[in-house]
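have a look at this prediction, sequence included:
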Amino acid sequence: MKKRILISDIAKALGVSVTTVSFILNDKAKEKRISESLTKRVLDYVKKVGYKPNELAKSLRTGKTKIIGLIIEDISNPFFGNIARLIETKVYEQGYRIIYCSTNNDSEKTKELIGMFNDRQVDGFIITPSEGIEETISNLLQSNVPVVLFDRYLPDVETDYVIADNFQGAFDATVHFNEQGYKRIGLVSLYSDQTQMRDRLDGYMKGMDQFKKQVYIKKIQLDASEAEAIDDLHEFVVDNRLDAVLFATNYLAITGLKSGKKHNYKLPALIAFDDHTVFKLHEPAITVVSQPIEEIADHIINILLLKLQGKAKSIKHLTLPCELKIRESSILKQ
């Protein structure tokens, strides 16, 4: 087995002190007035022999692990998956690594994962919060652990967050349906008091009120099986004779498509909140309320890095505009 190379081996080979090598490897050469030529000689030798620093020892010495915990609802959902990919790329460029996991919107699982990451002393957290974790987040903040929430926020916890304008997105979708001439427009959402779901419901309600239309609302239980949801949606659409439906999430819209196929009924006009590859391939292509994924990721990282560097001057609450991407599924056939 190849012997592991130590800092002392590098120092001995180059005829310099262990302290000098350590300063250079920890980016303190200029601060300690070590010459550029010696710095280059050490770094070239380190590269040549393939020296790898002991990250555990380094984190104990600096108090930093250079690891960020990313806790999201569902990594398989394209919205969360794309944001996770962008965040991972951006923090990597800044010398950080990401550990991420999914909570499936389970409060107890979320608390457990936050505790596990905190025990491993991650430098900061990026979280899509489940309901009922206010105390857990507050404890992190009281311990001066940087936390940025996204997609939704906790009204009773004063921390940074980045969200889309869910109210305006749902309002615009509802107005679009009305302007197309649809008469019986429904909303499919979840039994959830999370801010993004509440805002999407409020946006739909405001849009329907503006056109003096009756509202039709179906809420699906978070723990409902797909089969139950498929049957519930069939009843909702058919019994109310809906000609248009706004789905509050992309996965609810996919369940709606499955419902139409299983029960062999004509689907009404559709709009989904959040895009999905399936929606572009479907015939007709499905209109979506699209969140600005790249902007969200950029703002999350910028806020977190400022906090990690101790440069954050205030708590940031950012709300970014959505875009209604109109495709064939919401256009009224004349």
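Alright, I've got the coordinates.

could I get the full set of strands for the stretch 151-300 of the chain?
160-164, 185-190, 216-220, 244-247, 269-273, 287-290 (DSSP state E, counting those that start in this stretch).

save these as CSV, and put in distance to residue 86, mean pLDDT and mean neighbour count too.
All C-beta atoms are positioned from the backbone trio N, CA, C, and that covers glycine. Below are those laid out as CSV (distance: least, Cβ to Cβ, whole Å; pLDDT from 0 to 100; neighbours: other Cβ atoms under 10 Å):
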stretch, distance to residue 86, mean pLDDT, mean neighbour count
strand 160-164, 12, 98, 24
strand 185-190, 26, 98, 24
strand 216-220, 29, 97, 18
strand 244-247, 24, 98, 28
strand 269-273, 20, 97, 26
strand 287-290, 15, 98, 24
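
to residue 19, which of those lies closest?
strand 160-164 (39.1 Å; Cβ to Cβ).

got TSV for the strands of the stretch 151-300 of the chain, with distance to residue 82 too?
Rendered in TSV, the data for the strands of the stretch 151-300 of the chain read as follows (distance: least, Cβ to Cβ, whole Å):
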stretch	distance to residue 82
strand 160-164	13
strand 185-190	21
strand 216-220	24
strand 244-247	19
strand 269-273	15
strand 287-290	11
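
in the protein, where is pLDDT below threshold?
Within the chain, the segments meeting pLDDT under 70 span 1-3, 53-64.

could you chop it up by domain?
7-53, 65-164+293-320, 166-290+324-330 (automatic domain parsing).

return the distance of the second one from the chain's centre.
The reference is to domain 65-164+293-320. Computed by Cα atoms, centre = their mean, to the nearest Å, the chain-centroid distance of domain 65-164+293-320 equals 8 Å.

ok, now the longest one?
If you compare the mean C-alpha spot of domain 166-290+324-330 with that of the full chain, they lie 22 Å apart, counting by Cα atoms, centre = their mean.

what's the answer for the first one, then?
If you compare the mean C-alpha spot of domain 7-53 with that of the full chain, they lie 40 Å apart, counting by Cα atoms, centre = their mean.

so residue 71: helix, strand or coil?
Residue 71 falls in the strand class when you classify it by DSSP: H, G, I helix; E, B strand; the rest coil.

roughly how far does it sit from residue 102?
Using Cβ to Cβ, to the nearest Å, residue 71 is found at 8 Å from residue 102.

count of neighbours near residue 14?
Burial of residue 14 is recorded as 16 neighbouring residues (other Cβ atoms under 10 Å).
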